[in-house]
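[1] Predicted model follows, preceded by the sequence.
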Amino acid sequence: MVLPLLVQPEQLAHILEQGSNEYLILDISSSANYQKHHIPGAIHIEPTALQCGIPPTPGKIPSEQQLAELFSSVGLNPDKHVVVYDDEGGGWAGRLIWTLDVLGHQHYSYVDGGLTAWVTEGHPVESKISSANATIYVANIDRQPIAEIEDIIPNLGSADFAIWDARSAEEYQGEKVFSKQGGHIPGAINIDWLELMDPARNLRLVDLEQLQERLNAAGLTKDKTIVTHCQTHHRSGLSYLLMKILGYTAIKGYHGSWSEWGNLDSTPITNPTLDRN
């Protein structure tokens, strides 16, 4: 059975009941949550393994060697359909899907609501550590899904280009500062990643039709190249994932994110907080 990009917990539960082993289920929750309970058979990936971890831009993608070691250890091969989930509403899962795109791996699904929906709605869990059938995975980075500063600055103000800033409104306005400078990239549209998940529905994604209307009204339309970012391209993993689900075709994740942009003296910045003072 070919799973859709967005799969509901009950769909996956039905497949697991049938004993299917054609999917590689990757849990990118906290270690504590994975050890407490996870989807049966899920292999754990520590969220930080998806980032290089090197200051001042810890969110940048790891090297090809590091990615090869990571995905070999979890048993990835080019033909495997990967099922991804986390315990926070989709940020880390989206970052993982972006990473798979960077590696050219297109067979994947996201479990709507992740571990929160799975556990709350009574689907089976296990606590034993699942062992992977290790593979020899060759990682080749495709730069197309990756945004760098040089992809952004020349396009600022272009009609066919937009930026989705998935940080909080306080970060966007320059009221909360986690880099040398606060504020946002000029022209960036701010929609907080937390507004993309529905706590009343166990952290499932918000209504997709209504979200598309909101994105259109904000100028984040499908005919544009859209770069999404946050502080380290973790929260913007969810905005990237949602655009994939909605059918956007020209999306890039700015892996340097604000930890890079806000720590440089050469990047243009709009800071409404300073403008008010």
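    Yep, that arrived.
[2] And the closest residue to residue 204 other than its chain neighbours, how far from residue 130?
    Excluding its sequence neighbours, the residue lying closest to residue 204 (Cβ to Cβ, 6 or more residues apart in numbering) is residue 113, at 4.2 Å. C-beta coordinates here come from the backbone N, C-alpha and C atoms, glycine included. Remark: distance between residue 113 and residue 130 (Cβ to Cβ, to the nearest Å) = 21 Å.
[3] Among these two, which residue is more densely surrounded?
    Between residue 113 and residue 130, counted using other Cβ atoms under 10 Å, residue 113 has the larger neighbour count: 23 against 16.
[4] what residues go with each domain of this protein?
    Under automatic domain parsing, the residue ranges defining each domain of the chain are 6-120, 146-276.
[5] how deep is the closest residue to residue 95 other than its chain neighbours tucked in, by neighbour count?
    Among residues not flanking residue 95 along the chain, residue 237 sits closest, at 3.3 Å (Cβ to Cβ, 6+ apart). Here the number of neighbours of residue 237 (other Cβ under 10 Å) works out to 30.
[6] any idea which element residue 237 lies in?
    helix 236-246 (DSSP states H and E).
[7] so where is the stretch 151-277 of the chain shaky, pLDDT-wise?
    274-277 (pLDDT under 70).
[8] the helices in it, which residues?
    Secondary structure of the stretch 151-277 of the chain (DSSP state H, counting those that start in this stretch): helices located at 169-173, 208-218, 236-246, 257-261, 272-276.
[9] what would the domains of the chain look like in a markdown table with distance to residue 126?
    Shown next, in a markdown table, are those (distance: least, Cβ to Cβ, whole Å):
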| stretch | distance to residue 126 |
| --- | --- |
| domain 6-120 | 5 |
| domain 146-276 | 20 |
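[10] ok, the residue nearest to residue 95 - contacts?
    90, 91, 92, 93, 94, 95, 96, 97, 98, 253 (Cβ atoms under 8 Å, 6 or more residues apart in numbering).
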